[in-house]
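Engineer: what's the 3D shape of this:
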Amino acid sequence: MTIPPASTLLNEMGERRIIRELIEPRYDGVGDDCAAFGRDQVITTDSCGTALVAGMGMDDPAHTGWLLATINLSDLAAAGAEPEGLVVNYSLPPDTPVDTLKRIMDGVDACATEHGTRVLGGDIGEGRELRLSATAVGRCPRRITAHGPVGTRLSRRGARVGDHLLLIGSPGYLWGAALLHHGFATLPDEDRDVVYERACRPRAQLRAGRALAAKGLARAAIDVSDGLFAAVRGLCAANGLGADVRPHLDLDPVLDEVCRDAGVDPFQLGQTWGDWCLLVAVRPREVDLVRRLLPGRDPGVRDLGVLTAAPDRIRLVDGTAEPRLWDGIDQERFSSTSWRGDGVVAALDHMRELSGV
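Structural biologist: The predicted model follows:
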């Protein structure tokens, strides 16, 4: 593989090419949400800046702390792991109020407790801007079978043609809150509070990931951290497959109301990032088993479509028109499609444009 010239800028490559050409050739095991080490253990690390909800008037630093923990615990969920703890690293400007640090810690601790784990330790440093990172460690207990114990760690690899793509979780809350905040939709105060609460406190699908791994029901899994399109594309790329996806999503009722008011197709809202769902590949005959294992709307199980033998060809197939390639919402870092480039309102306008508004 050709290494790009040293003068090449990162934004000339984009995140996927950076990983493919610079990182994967150097390190073994890159490509999953977690790295494996030791016996049945996994580890992941991720960082975050100030939570997006801070720009919607919900500027309690605890939301950023909660988000930091969720981002890392969601990677453990994609491995089907039980969390063993978090190690945190906080870099803050020296003029940061003490209460800001306390509230960040409160958010991390509350999220860890909610997910059955805790902070084990960490470090604090001085920097020019707020930058928070964490490392999460988990364990994937072995499953006893007639042939002896087998590992349960989930990977992005292992899917097969004909497997169903199941979305585990409740998508759309973060950007539903953004639609409300920027005046594209309105709700009664009680319903609006529900959307804001879910946007501020996204939940990693740890219990669902662990249950699917323990029962051997998920053949492959990926964390939906960069949106649904990126997750489907990532799972397809890892397995050399394509996908036929139905462009319809039944969102939670309160989000359906937001979509109707804003003129946004629920599929467009549901394919956004920020809700930390899981995408799993499941054998056709086991879809109903998954539904029985994970009943109800929370976490929710949505059957998106099937994996196909056409590598990298991801189509939208609804049965009423000719299948078409999915030109999905993309948030690739270090590229022009990063949401940071044009801002939140531009992203919302684009979502509504794709919905025909």
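Engineer: Could I get the contacting residues of the closest residue to Val88 other than its chain neighbours?
Structural biologist: Excluding its sequence neighbours, the residue lying closest to Val88 (Cβ to Cβ, 6 or more residues apart in numbering) is Gly122, at 3.7 Å. Where you see a C-beta, it was placed from the backbone N, CA and C, and this is true even at glycine. Gly122 sits next to 86-90, 134 when contact means Cβ atoms under 8 Å, 6 or more residues apart in numbering.
Engineer: can you pull out the helices in the stretch 51-200 of the chain?
Structural biologist: Residue ranges of the helices in the stretch 51-200 of the chain, as given by DSSP state H, counting those that start in this stretch, are 61-78, 98-114, 173-181, 189-200.
Engineer: ditto for the stretch 251-357 of the chain
Structural biologist: Under DSSP H, counting those that start in this stretch, the stretch 251-357 of the chain gives helices at 253-262, 266-270, 287-293, 339-342, 344-354.
Engineer: mind putting those in TSV, mean neighbour count and mean pLDDT included?
Structural biologist: Putting these into TSV (neighbours: other Cβ atoms under 10 Å; pLDDT from 0 to 100) gives the following:
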stretch	mean neighbour count	mean pLDDT
helix 253-262	19	96
helix 266-270	25	95
helix 287-293	14	96
helix 339-342	14	53
helix 344-354	16	79
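Engineer: out of those, nearest to Val150?
Structural biologist: Across the helices of the stretch 251-357 of the chain, the minimum distance to Val150, taken as Cβ to Cβ, is reached by helix 287-293, at 18.0 Å.
Engineer: Show me the protein divided up by domain.
Structural biologist: Domain ranges of the chain: 28-149, 154-354, per automatic domain parsing.
Engineer: Would you mind giving these as JSON lines with distance to Leu10 added?
Structural biologist: JSON lines is the format used below for the domains of the chain (distance: least, Cβ to Cβ, whole Å):
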{"stretch": "domain 28-149", "distance to Leu10": "16"}
{"stretch": "domain 154-354", "distance to Leu10": "5"}
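Engineer: Of all those domains, which one comes closest to Arg16?
Structural biologist: Each of the domains of the chain was scored for nearness to Arg16 using Cβ to Cβ, and the closest is domain 154-354 (6.3 Å).
Engineer: now the closest one: how far from the chain's centre is it?
Structural biologist: With Cα atoms, centre = their mean, to the nearest Å as the basis, domain 154-354 stands 9 Å off its chain's centre.
Engineer: Can you give me the separation between Lys215 and Thr152?
Structural biologist: To Thr152, Lys215 is 9 Å away according to Cβ to Cβ, to the nearest Å.
Engineer: So between these two, which is more surrounded?
Structural biologist: Applying other Cβ atoms under 10 Å to Lys215 and Thr152 shows that Thr152 carries more neighbours, namely 22 against 15.
Engineer: Spatially nearest residue to that one (excluding sequence neighbours)?
Structural biologist: Counting by Cβ to Cβ, 6+ apart, Thr152 lies nearest to Ala213, which is 4.3 Å off, once chain neighbours are set aside.
Engineer: before we move on, what about Val108?
Structural biologist: Leaving aside its sequence neighbours, Val108 sits nearest to Gly65 (Cβ to Cβ, 6+ apart; 4.1 Å).
Engineer: For that neighbour, list the residues it contacts.
Structural biologist: By Cβ under 8 Å, 6+ apart, the residues touching Gly65 are 103-111, 132.
Engineer: just those now: which is nearest Pro141?
Structural biologist: If you rank the contacts of Gly65 by distance to Pro141 using Cβ to Cβ, Cys111 comes first, at 22.8 Å.
Engineer: ok, the closest one - contacts?
Structural biologist: By Cβ under 8 Å, 6+ apart, Cys111 lies in contact with 65-66, 68-70, 73, 201.
Engineer: want to throw the contacts of Gly65 into a markdown table with distance to Gln271 and pLDDT?
Structural biologist: Converted to a markdown table, these look like this (distance: Cβ to Cβ, whole Å; pLDDT from 0 to 100):
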| residue | distance to Gln271 | pLDDT |
| --- | --- | --- |
| Arg103 | 32 | 98 |
| Ile104 | 30 | 98 |
| Met105 | 33 | 98 |
| Asp106 | 32 | 98 |
| Gly107 | 27 | 98 |
| Val108 | 28 | 98 |
| Asp109 | 32 | 98 |
| Ala110 | 29 | 98 |
| Cys111 | 25 | 98 |
| Leu132 | 27 | 98 |
